[in-house]
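K.L.:
3D, please:
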Amino acid sequence: FQLQNRFIITNIKSAIVIIDQHKAHLRILYEKYLETLKDHKPVTQSELFPENITFSGSDVAVIDELIPELELLGFSLNKLSNTTFVVDGRPSGLKSGSIQEIFEGILDNYKKNLLELNLDKKINLARSLAANLAIRPGKKLHQEEIMNIVDELFACKVPEVTPDGDRTYAIIGVSDIQNLLDS
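P.N.:
As a prediction, this is how the structure comes out:
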């Protein structure tokens, strides 16, 4: 079940597991995007109404550099002018919303990671996209979404931590719960 629209509570044999839904989804998306970049198997969903996006010169230079990787992730974009692109496809499963805002968020995270962490381009892009698109704390989830997050998190290669190293879940043993109640 979901607690405070922020945590997912589930149980295992002799404990309960408390999962931070945002951090878990961040880990899931990061591994998914990283795998997509390595496998070169994009799944693009065509836009019914292609969207134009406009950026400053410095942001355009970053996007130009990232176009091959963005296409591997499932984005389909073409340059219209020195500062404008048309997006006629997005990764399958990407939430609907303003593609301009999505790209601005990706660029902000990408540039921040570039300055602070000096990451490989693909790792940086996967982190940036995941950070921008992960479920936010406070979002009410349906039971099916809760189950998917739990299943997908524990199918990850490194389910314990986010790409930044924050813990995604905590385990509280039955004996720990009993100790809390006995004191």
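
K.L.:
which residue is nearest the middle of the chain?
P.N.:
Nearest to the mean C-alpha position of the chain, counting by CA atoms, centre = their mean, stands A130 at 2.2 Å.

K.L.:
Looks like that one contacts L26 (just checking).
P.N.:
Yes: using CB atoms under 8 Å, A130 is in contact with L26, at 5.3 Å. Backbone N, C-alpha and C define where each C-beta goes, glycine included.

K.L.:
any residues in contact with both of these two?
P.N.:
Any residue near both A130 and L26 by CB atoms under 8 Å, 6 or more residues apart in numbering counts here, and that gives P163.

K.L.:
Let me see the ranges of the helices in this protein.
P.N.:
21-39, 57-73, 99-117, 121-133, 143-155, 174-182 (DSSP state H).

K.L.:
so which of these comes closest to R167?
P.N.:
Each of these was scored for nearness to R167 using CB to CB, and the closest is helix 21-39 (7.3 Å).

K.L.:
check contacts around N124.
P.N.:
Taking CB under 8 Å, 6+ apart, we find N124 in contact with 110, 113-114, 117.

K.L.:
Show me the shaky parts of the chain.
P.N.:
Scanning the chain with the threshold set as pLDDT under 70 gives 96.

K.L.:
Now do the longest strand seen in it: which elements does it pack against?
P.N.:
When the chain is parsed with DSSP state E, its longest strand is strand 44-54. Where contact means 3 or more CB pairs under 8 Å, 6 or more residues apart in numbering; DSSP states H and E, strand 44-54 is packed against strand 76-79, strand 84-91, helix 99-117.

K.L.:
Next, the buried residues of it.
P.N.:
Residues 44, 51, 53 are the ones in strand 44-54 that count as buried (16 or more other CB atoms under 10 Å).

K.L.:
So for the second one, what's the nearest residue that isn't a sequence neighbour?
P.N.:
Spelled out, that is E51. Spatially, and ignoring its direct neighbours in sequence, E51 is nearest to I99 (4.6 Å; CB to CB, 6 or more residues apart in numbering).

K.L.:
Give me the neighbour count for that neighbour.
P.N.:
For I99, the neighbour count with other CB atoms under 10 Å is 20.

K.L.:
Repeat that for L66.
P.N.:
22.

K.L.:
For it, give me its contacts.
P.N.:
Going by CB under 8 Å, 6+ apart, L66 touches 110, 121, 125.

K.L.:
Kindly indicate which of the residues you listed lies nearest E69.
P.N.:
Of those, the one sitting nearest to E69 (CB to CB) turns out to be L125, at 5.2 Å.

K.L.:
now that closest one: how far from Q178?
P.N.:
For L125, the distance to Q178 equals 46 Å [CB to CB, to the nearest Å].

K.L.:
what's the answer for Q2, then?
P.N.:
Distance, Q2 to Q178, by CB to CB: 25 Å.
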